[in-house]
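The following comprises the amino acid sequence and a computationally predicted model.
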Amino acid sequence: MHLLTRRSILFITFVLTISVINPTNAQSKNATKSSADTLNHIESLVSFATKHLHIPYRSGGTSKRGFDCSGFVRYCFDKWNVTLPHSSAAQAEKGTTVSLDKAKPGDLIFFKGNSVKTATVGHVGIITEVTPSYVRFIHSAWKGGIRYDMLNADYYKKRFVAVKRLID
């Protein structure tokens, strides 16, 4: 019995030593971790935003008691130490402009306000999903509070202004 226990301990020690010393394992673990960290950062932002679905709209709102569109975006990005102003027009001045065909989850999407005729940004959301046929975003809407909408809906398609990337 003692011989079997000693052999088991020696075998486990040998296996652990080989796996710690092997530089191939160390490199692949680090490479996987760094690419996953980038992906998880955006996924975490989108997941965090989604947890706030159905919170009511509140003009000037910046808390779970109610958000306006820019207050919601600011609240979400603040959790990742990205400071934004509390105005969709001012937020549109931040980040890097991205063409719609290069948009990805975590990017901000900007729209004109109530009037299609104005050039002024009046609304903002966070892109949550992009496919060849649609762009889905989460935002705080006057009707419905925090909710999902699609860019291809007539209301938003007519008002679309730009996509901005704040986190790479």
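Good, I have the coordinates.

In this structure, where's the longest strand?
In the chain, assigned by DSSP state E, the strand with the most residues is strand 121-130.

Show the average pLDDT along that strand.
For strand 121-130, mean pLDDT is 97.

Which neighbouring elements make contact with it?
Under the contact criterion of 3 or more C-beta pairs under 8 Å, 6 or more residues apart in numbering; DSSP states H and E, strand 121-130 touches helix 23-50, helix 69-78, helix 88-91, strand 108-112, strand 135-141, strand 160-165. (Glycine included, C-beta is placed from N, CA and C.)

now for those, which one comes closest to Ser59?
Ser59 lies closest to helix 69-78 among these, at 9.2 Å (C-beta to C-beta).

Quick check: buried residues in the closest one?
69-77 (16 or more other C-beta atoms under 10 Å).

again, but for stretch 128-144
Buried, per 16+ other C-beta under 10 Å, within stretch 128-144: 128, 130, 135-141.

Stretch 153-168 too?
Per 16+ other C-beta under 10 Å, stretch 153-168 contains these buried residues: 156, 159, 161-166.

on that earlier part again, including distance to Val82, could the buried residues of stretch 128-144 go into JSON lines?
Shown next, in JSON lines, are the buried residues of stretch 128-144 (distance: C-beta to C-beta, whole Å):
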{"residue": "Thr128", "distance to Val82": "17"}
{"residue": "Val130", "distance to Val82": "20"}
{"residue": "Val135", "distance to Val82": "21"}
{"residue": "Arg136", "distance to Val82": "21"}
{"residue": "Phe137", "distance to Val82": "17"}
{"residue": "Ile138", "distance to Val82": "16"}
{"residue": "His139", "distance to Val82": "17"}
{"residue": "Ser140", "distance to Val82": "18"}
{"residue": "Ala141", "distance to Val82": "22"}
